[in-house]
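A.B. asks: model this:
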Amino acid sequence: PNIELEFASPKGGEAPIDPMSLKASEHDEVVREFMKDREAMQYIKDTTTLSDVDPSEACAVLFPGGAGAMFDLPQEQHRLQDIVTTVC
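C.D. replies: Just a heads-up that it's a prediction; the model follows:
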């Protein structure tokens, strides 16, 4: 089945990628392939703001790990709780 993806970030727009994470994973084939994938990179360059996410339209939520999630997502605690508790 086709699955529609929506990438979201606290501020929307281009999601920052930690340069240290890129350096640490430069020998990871999966990461290298992802970074070369134009469609995948477009998702990262044009994210929806968390406030514009309609959780009733989603069937799954995936949270990234790493420093960005550790520092950026806690500031969005209430919105993320809304999203997670509303997803079908």
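A.B. asks: the strands in this protein, which residues?
C.D. replies: 8-9, 48-49 (DSSP state E).
A.B. asks: wait, which of the ones you listed is closest to Cys88?
C.D. replies: Set against Cys88 and scored by Cβ to Cβ, the strands of the chain come closest in strand 8-9, at 16.7 Å. In short, each C-beta sits where N, CA and C put it, glycine included.
A.B. asks: quick one: strands adjacent to that closest one?
C.D. replies: strand 48-49 (parallel) (DSSP bridges).
A.B. asks: quick one: contacts of the strand it pairs with?
C.D. replies: By Cβ atoms under 8 Å, 6 or more residues apart in numbering, the residues outside strand 48-49 that reach it are Glu6, Phe7, Ala8, Ser9, Pro10, Lys11, Gly12.
A.B. asks: now do the same contact list for the last one.
C.D. replies: It refers to Gly12. Thr47, Thr48, Thr49, Leu50, Asp52.
A.B. asks: in PyMOL, how would I select the buried members of the residues you listed?
C.D. replies: Remark: buried members of the contacts of Gly12, expressed as a PyMOL selection using 16 or more other Cβ atoms under 10 Å:
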select buried, resi 47+50
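A.B. asks: how about a markdown table for the strands of the chain, with mean pLDDT and distance to Ala60 added?
C.D. replies: Shown next, in a markdown table, are the strands of the chain (pLDDT from 0 to 100; distance: least, Cβ to Cβ, whole Å):
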| stretch | mean pLDDT | distance to Ala60 |
| --- | --- | --- |
| strand 8-9 | 92 | 13 |
| strand 48-49 | 94 | 15 |
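A.B. asks: distance to Phe71 added to these, as TSV?
C.D. replies: Below are those laid out as TSV (distance: least, Cβ to Cβ, whole Å):
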stretch	distance to Phe71
strand 8-9	13
strand 48-49	17
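A.B. asks: for this protein, which segments count as helices?
C.D. replies: With DSSP state H as the criterion, the chain has helices at 19-24, 29-36, 38-45, 67-72, 77-86.
A.B. asks: coming back round to it: which among the contacts of Gly12 gets closest to Leu73?
C.D. replies: Leu50 (9.0 Å).
A.B. asks: how far away is that closest one from Leu80?
C.D. replies: 7 Å (Cβ to Cβ, to the nearest Å).
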